[in-house]
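A.B. asks: fold the following.
(2 chains)
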Amino acid sequence: MTSPGGAIRAVIRREYLQRVRTRSFFASTVGFPLLLLALVAVPAFLTARSAEAGPDLVLVDRTGVLEEAVGLRLLDLGLQVSHGDPAASVEALMEEVVEAGGGTALVLDAETLARGRAVYLSREPPNALRRFGLRHAVAQAALEVWVAEDDRRDELQALVAGGELEVRSLEADEEGELRRATGLALGAAGAFFLYFILLIYGAIVLRSVMEEKMGRIVEIIVSSMRPSELMLGKILGVGAVGLTQLMIWLVLAGSLLAWGLPFVMAHLPETQLLVDPGAILPGPGVFVYFVVSFVLGYFLYSGLFAAVGAMCTTEEEAQQLQIPVVLLVVVPVLFLMPVIEDPGSGMARTLSLVPFFAPILMFARVVVGGAASWEVALSVALMVGALGAVAWVAGRIYRVGILMQGKRPSLGELWRWIRA
Amino acid sequence: MAEAENVVRLRGVTKAFGRQEAVSDLEFDLPAGTITGLLGPNGSGKTTTIRMILGILMPDRGTVAVFGQRPGRQSRTRAGYLPEERGLYRKMKVLDQLVFFGRIRGMARQQAAERAREWLRRLGLGDREEARADELSRGMQQKVQFIATVLHDPDLLVLDEPFSGLDPINQDVLERIVLEYHQRGATILLSTHLMDQAERICQRVCLISGSRKVLDGDLAEIKRRERSGVVAIAFEGPDSWLSGPGVHEVMRTNGGARVVLEEGADPGALLTRGLAAGARFRRFEVLEPRLHELFLRHAGSGERRRTGGKG
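C.D. replies: Residues are numbered from 1 along each chain as shown, chains lettered A, B, ... in the order given. As a prediction, this is how the structure comes out:
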């Protein structure tokens, strides 16, 4: 007796190698992150370069007390600071420093000390980040001077540093507002990403089934192994391709966050005032659940896509028949924003438990931080249960459909296939 | 290994699709080591029968036994199947495909690759193992499909229209390989429309028509039994007497006719009728029927019993 394992392994191997060896797999695996990287990094790099290569800033302090405090902060922002003559007029500075020297100047006077107002001279208006950095530096320095004269300077120092927010809510939230904001973005981005790869890999399974059916290859194969074994091997093989691609992407993304973010922050010192890297990076649990969501979602949808592929005999039919399955993937995306904004609502809780929506919606809730662990466990259990049902129905449709040429089945015929 | 006398055995096998019966109450045996032709018009249930033998379809009623068991994993790996509708993975290299087909039938990768190379060389495709299937001509693709069928050295070879679309030279090449497998003791079931070829190759025939078996057995014996079935006639004069009682079909030839008689009809009655009508005979010869004529005679009767089919 031979075991079915060898035949299934052969199918998995064929599906895997035939896809991973293609140029398009390489292009999409490497090209997609490169594209994303370029979208983020190129502007940052250009800004960083312009800041680095930027000319000196001439600091003109007419107050006599702010020079050191402001100067140190400007150095922190990565600016080359030189000190100008306090007696120089704004017009003269504009002419000598900006027009002739191509540099910039910051003028501090009594107004600075009183209201935190300073004058910035430059050829072009500065970008928002630079504006923020300059304002922050000037205001903090002025505050420091004020505080230094006060008896309560130790307490006030904390206020100058920007204060602290301790969050107390009914549901545990130790992560703070910033983490929540980045969590929203991360949850939405991750959910959309899941939506795309589930659709893409579902479509690959559909094409693969159709290739064997329309290419009249399938009859040879099912004379050697059971249709359910062929379907399983195919789904596992294509899934392994998806997982390979996902892992490569996750490693690239991880290294980008580990090395790329510090690089950007080192070159754009202003960002350090805004972001604490520890607060925005997702934990490893999010990555794990992302992979879990992909795997379960992929198995759920690929079974349906395989059944659709087995029903069709032409491209046009495939376009039409896959619509109901595609809708199943699209619906959770329609509810994504309300679920992310209020992950604890009854709607969010209910929808994220529906097996076909869970891969996308439960993932979003996990990232945003609104899902209890029992909900996650229940959702995984429901998905596994649905998986069994989908495999059974899809397997029956597949078994009959792959050998049917000619017109596509009516709903009644489909029902007979499933019952047969 | 102890083998059942009949490698394939069908008893009372019926299979319907919806309300349409594709195969009705079919019985036949493939004795070990024989070549059997499965003959019948389009839509008569040949492919359905073959699919049940290979375990691709399950009969609604009746039993199918292959190597003494219900078709299953073991019979699958011992059978080689060339379907009528067949293809290859277009973008896959020839050798990779063959190794894949060998693997799903339980061969080791190394062994499958070695045997595939051997076969490719033998069929003149030795330099094409790295080519993709869609780079091959149609004839070459059919050779590759044939190799995929026999790669694992099956004991039972099921070939559904194996020669369709092949040029005469390649038909001849494959025919010789089929006979070679027969000599090595394999049992072969061959479905074909090419009667001359079936007549040349097959020891046994099973003729099905309109989902039913109409004739089955040793070809030489059938021919003996059906001997008085065909008459070659050359004559002058009136010809209206050619059709009449006992005549199944008349094929006019130059200066004469070839008459297929109904089963058990007396050729003498035809001769008497012709003489009475005033025909002057130059030739009246009772022939051993050709398979084609048996086919026409019996398939026709099946069709009359039950018109239609799965199309």
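A.B. asks: does the nearest residue to B:Met107 once chain neighbours are set aside lie in a helix or a strand, and which?
C.D. replies: Spatial nearest neighbour of B:Met107, excluding adjacent residues (Cβ to Cβ, 6 or more residues apart in numbering or on different chains): B:His152 at 5.3 Å. Where you see a C-beta, it was placed from the backbone N, CA and C, and this is true even at glycine. Per DSSP states H and E: B:His152 is located in neither a helix nor a strand.
A.B. asks: could you do A:Val325 as well?
C.D. replies: Here A:Val325 is assigned to helix A:323-334, by DSSP H and E.
A.B. asks: report the buried residues of the following helix or strand past that helix.
C.D. replies: The C-terminal neighbour of helix A:323-334 among helices and strands, as given by DSSP H and E, is helix A:336-341. The neighbour-count check on helix A:336-341 (16 or more other Cβ atoms under 10 Å in any protein chain shown) flags A:336, A:339-340 as buried.
A.B. asks: check stretch A:245-264 too.
C.D. replies: A:245-246, A:249, A:252-253, A:256, A:260, A:264.
A.B. asks: what mean pLDDT does it have?
C.D. replies: The average of the pLDDT scores along stretch A:245-264 is 80.
A.B. asks: how far is it from where the chain is centred?
C.D. replies: The chain centroid and the centroid of stretch A:245-264 are separated by 11 Å under Cα atoms, centre = their mean, to the nearest Å.
A.B. asks: so what pairs up with the most centrally placed residue in chain B in the strands?
C.D. replies: Compute the mean C-alpha point of chain B, and by Cα atoms, centre = their mean the closest residue is B:Ser191, 2.3 Å away. The partner list for B:Ser191 in beta bridges (DSSP bridges) reads B:Leu38, B:Asp160.
A.B. asks: got the contact list for it?
C.D. replies: B:37-40, B:46-47, B:50, B:84, B:159-161 (Cβ atoms under 8 Å, 6 or more residues apart in numbering or on different chains).
A.B. asks: so which of those residues would you say is closest to A:Tyr201?
C.D. replies: B:Glu84 (33.3 Å; Cβ to Cβ).
A.B. asks: pretty sure B:Leu82 sits against B:Ile147.
C.D. replies: No - using Cβ atoms under 8 Å, B:Leu82 is not in contact with B:Ile147, being 10.2 Å away.
A.B. asks: give me the pLDDT for residue 132.
C.D. replies: You didn't say which chain, so I picked chain A. For A:Phe132, pLDDT reads 85.
A.B. asks: wrong one, I was asking about chain B
C.D. replies: 94.
A.B. asks: same thing with A:Met214?
C.D. replies: A:Met214 is given a pLDDT of 88.
A.B. asks: so the closest residue to it other than its chain neighbours: helix, strand or coil?
C.D. replies: Ranked by Cβ to Cβ, 6+ apart and with sequence neighbours excluded, the top spatial neighbour of A:Met214 is A:Thr313, at 6.6 Å. Reduced to three states with DSSP: H, G, I helix; E, B strand; the rest coil, the structure at A:Thr313 is coil.
A.B. asks: list the contacts for A:Thr313?
C.D. replies: Listed by Cβ under 8 Å, 6+ apart, the contact partners of A:Thr313 are A:213-214, A:404-408.
A.B. asks: from the residues you listed, pick the one nearest chain B.
C.D. replies: The closest of those to chain B turns out to be A:Gln405 (Cβ to the nearest Cβ; 7.3 Å).
A.B. asks: quick one, phi psi at the closest one?
C.D. replies: phi -100, psi 170 (degrees, to the nearest 10).
A.B. asks: just checking, it touches B:Glu85?
C.D. replies: Yes - here A:Gln405 reaches B:Glu85: they are 7.3 Å apart, a contact under Cβ under 8 Å.
A.B. asks: which one's more surrounded, these two?
C.D. replies: Shown here are A:Gln405 and B:Glu85; by other Cβ atoms under 10 Å in any protein chain shown, B:Glu85 has more neighbours (15 against 10).
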